[in-house]
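Q: I would like the atomic coordinates for the input below:
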Amino acid sequence: MFTLAVMLARTSRRATSGTLWVLWALAPAAGLLAPLQARAQAPTDGALSQSLWTRDTLGGEWGGFRSALGQHGILFDFWATGFYQDLLEGAGNDDGDYNGRVDLMINGDTGKLGLWQGGGLHAHVTYRSGDLQGFRGGALFPVHTSGLLPLGSKDDVVATSLYVSQRFGDATRLMLGKIDAIDLLASHPFFGGWGTDRFWSLPFVAPPSGVVPPVIMGGVLTHSFAPYALTAMVFDPNDQTTNYSFNRLFEDGVNVSLGLSWSGELAQRKSGAGITATYSTAEGTDWSQVGLPPGSQTTTNQGSYNVAVELSHVLVESASVPGKGLGLYAKAAIADGNPNPFRRSFVGGVAGHAIVPRRPLDYFGVGCFYYDLSNELQDAVAPVGSLKDEQGIEAYYTLVPTPWLQLSANLQWVNPANGASEQMWLGGLRARLAF
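A: From the prediction side, this is the model:
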């Protein structure tokens, strides 16, 4: 735990100055700096009376600064996470190591900012450092998502989301710009979490589809007509993590995704179902023609798809927190397998929130995944090595002694895709601090 504390301290110091600069830069842009400074010097009675151990963030109101920003339409979440992971059994370097990550999410209400009604300005800024790697033991998927994402060099500050939103009535919302795909799963009780919350492994954080990059550039349109919701997405097929311009957008093709979801009750328990189909016009490697021997040529194949079905059902309702409980979640998908590297996949498990007696803030999850890799890809690799399907199990428990501090223990078993690697066990510890 000492190493986690050290990591939190190091990453927080290096990112705090940039974070404060962003927040203070927003204020004068809206002509608010003087009122914010005055309010910050005179915090409200509610901010003063709020207990350190019961408030949502360690910094509370930041001397009135947070609430002053909120009154003018600027809300933010700022947290730092430290990780420690060790390869308990398996091939490769079994030394334990640690790393850290800092996240800042900003949401602005354009109406309160004096711009236009119904709109929003959104940003997600991330900084990560440390030597703990995302990949271990021959696994195809990262066992530590925050050790890989956001893509690019560590010790860099990256804006993975920079987009504008607009609401049309109460049922329709449009998002345009650069969007971190994992941000779209922020409120999901099982998937998502960026690796700083809930699961560590990528198949649970953001189940790979072969047609959706980590960060997209394009548009997302959602329309709700209870109990159903429609989602349409159009975006560039390439990852946009380090891109901050619209140059060469859609030059390599276009990806289109359509989804229909239902939310209601089954057996008087909260339930949900959805289907999403995504198609990409981009060219990819034709695995059936790939040439690994020297002097051979590799051809491409155009067009790839993924169709996924997702189900959820609350098995046991929480006795202390309405809307929470022990839920069952599953996602199954099929894909073309060429050029998509996947043929079929399944990710599912259970997650419990406010279900442990006398621990209303604690939560946990247990899940399994199976990815059936493309037969053409496996045949292409066969002359030089063995590539098999990958499967794994992960379990975590998060202890929440106070709303601003989360302490997690994690255990993973993975049967890696690399046929030369043996099955592996990994253990991890994580501490997340909300400021």
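Q: Go through stretch 339-346 and flag the buried ones.
A: 339-343, 345-346 (16 or more other CB atoms under 10 Å). For every residue, glycine as well, the C-beta is placed using N, CA and C.
Q: I meant stretch 93-112, not that one.
A: For stretch 93-112, using 16+ other CB under 10 Å, the buried residues are 96-106, 108-110.
Q: Would you reformat those residues as TSV and include secondary structure?
A: Shown next, in TSV, are those (DSSP: H, G, I helix; E, B strand; the rest coil):
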residue	secondary structure
96	coil
97	strand
98	strand
99	strand
100	strand
101	strand
102	strand
103	strand
104	strand
105	strand
106	strand
108	strand
109	strand
110	coil
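Q: Would you tell me which one of these comes nearest to residue 128?
A: For those, the closest approach to residue 128 (CB to CB) belongs to residue 101, at 4.3 Å.
Q: How about the closest one: what's its closest non-neighbour residue?
A: residue 128 (4.3 Å; CB to CB, 6 or more residues apart in numbering).
Q: measure that neighbour to residue 83 for me?
A: According to CB to CB, to the nearest Å, residue 128 stands 10 Å off from residue 83.
Q: which neighbours do these two share?
A: 99-101, 146-147 (CB atoms under 8 Å, 6 or more residues apart in numbering).
Q: Quick check: the two most widely separated of those residues?
A: Of all the pairs that the shared contacts of residue 128 and residue 83 form, the one spanning the most space (CB to CB) is 100 and 147, at 10.5 Å.
Q: what is in contact with these two at once?
A: Common neighbours of residue 100 and residue 147 (CB under 8 Å, 6+ apart) are 83, 128, 130.
Q: Would you map the helices across the stretch 251-400 of the chain?
A: Ranges of helices within the stretch 251-400 of the chain are 375-381, based on DSSP state H, counting those that start in this stretch.
Q: Flag the shaky bits of it, pLDDT-wise.
A: For the stretch 251-400 of the chain, the stretches flagged by pLDDT under 70 are 291-298.
Q: Repeat the analysis, applying 80 as the threshold.
A: 290-298 (pLDDT under 80).
Q: Check the stretch 51-200 of the chain too.
A: Short version for the stretch 51-200 of the chain, where the test is pLDDT under 80: 93-94.
Q: before we move on, the earlier item: make TSV out of the shared contacts of residue 128 and residue 83 and add distance to residue 211.
A: Converted to TSV, these look like this (distance: CB to CB, whole Å):
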residue	distance to residue 211
99	29
100	31
101	26
146	23
147	24
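Q: Out of these, which comes closest to residue 395?
A: residue 146 (18.0 Å).
Q: In space, what's closest to the closest one - neighbours in sequence excluded?
A: Distances taken as CB to CB, 6+ apart place residue 195 nearest to residue 146, at 3.7 Å, with adjacent residues excluded.
Q: Now for the closest residue to residue 272 other than its chain neighbours, how many residues are close by?
A: Once flanking residues are discounted, residue 272 sits nearest to residue 312: 4.3 Å by CB to CB, 6+ apart. As a burial measure, residue 312 scores 22 neighbours (other CB atoms under 10 Å).
Q: Residue 67 belongs to a strand?
A: No - Residue 67: not assigned to a strand; according to three-state DSSP it is helix.
Q: now it: how far from residue 76?
A: 12 Å.
Q: cool, residue 272 as well?
A: Taken as CB to CB, the span from residue 272 to residue 76 is 29 Å.
Q: Next: residue 232.
A: Counting by CB to CB - residue 232 and residue 76 are separated by 29 Å.
Q: Could you check which of these two has the larger neighbour count?
A: residue 76 (19 against 14).
Q: What's opposite the closest residue to that one other than its chain neighbours in the beta bridge?
A: Setting aside the residues directly before and after it, residue 76 is nearest to residue 106 in space (CB to CB, 6+ apart), at 4.8 Å. Per DSSP bridges, the residues bridged to residue 106 are residue 76, residue 123.
Q: you'd agree residue 106 is up against residue 159?
A: No - applying CB atoms under 8 Å, one finds residue 106 not in contact with residue 159, separated by 10.1 Å.
Q: who touches both of the two?
A: What both residue 106 and residue 159 touch, as defined by CB under 8 Å, 6+ apart, is the set 123-125.
Q: tell me which of those is nearest to residue 329?
A: Using CB to CB, these come closest to residue 329 at residue 124, 23.9 Å.
Q: And the residue lying closest to the closest one once chain neighbours are set aside, which helix or strand is it part of?
A: Excluding the flanking residues, the one nearest residue 124 by CB to CB, 6+ apart is residue 161, at 3.7 Å. Of the helices and strands defined by DSSP states H and E, residue 161 is found in strand 157-168.
Q: how near is residue 223 to residue 170?
A: 11 Å.
Q: Comparing those two, which residue is more hemmed in?
A: Set side by side, residue 223 and residue 170 show more neighbours around residue 223, with 15 against 7, by other CB under 10 Å.
Q: Helices of the stretch 51-200 of the chain, start to end?
A: Using DSSP H, counting those that start in this stretch, helices in the stretch 51-200 of the chain cover 65-71.
Q: where do the strands sit along it?
A: Ranges of strands in the stretch 51-200 of the chain, per DSSP state E, counting those that start in this stretch, are 74-89, 97-109, 119-130, 157-168, 172-180.
Q: and the next element down the chain from the last one?
A: This means strand 172-180. helix 202-205.
Q: Toward the C-terminus from that next one, list the very next helix or strand.
A: strand 215-225.
Q: Pull up the pairing partners for that next one, direction included.
A: Short version: by DSSP bridges, strand 215-225 pairs with strand 172-180 (antiparallel), strand 228-235 (antiparallel).
Q: Return the most buried member of the ones you listed.
A: Comparing those by mean neighbour count (mean count of other CB atoms under 10 Å), strand 172-180 comes out on top with a mean of 20.
Q: residues in contact with stretch 157-177?
A: By CB under 8 Å, 6+ apart, stretch 157-177 touches 15, 18, 105, 118-127, 150, 152, 178-180, 183, 214-215, 217-225, 241-242, 244.
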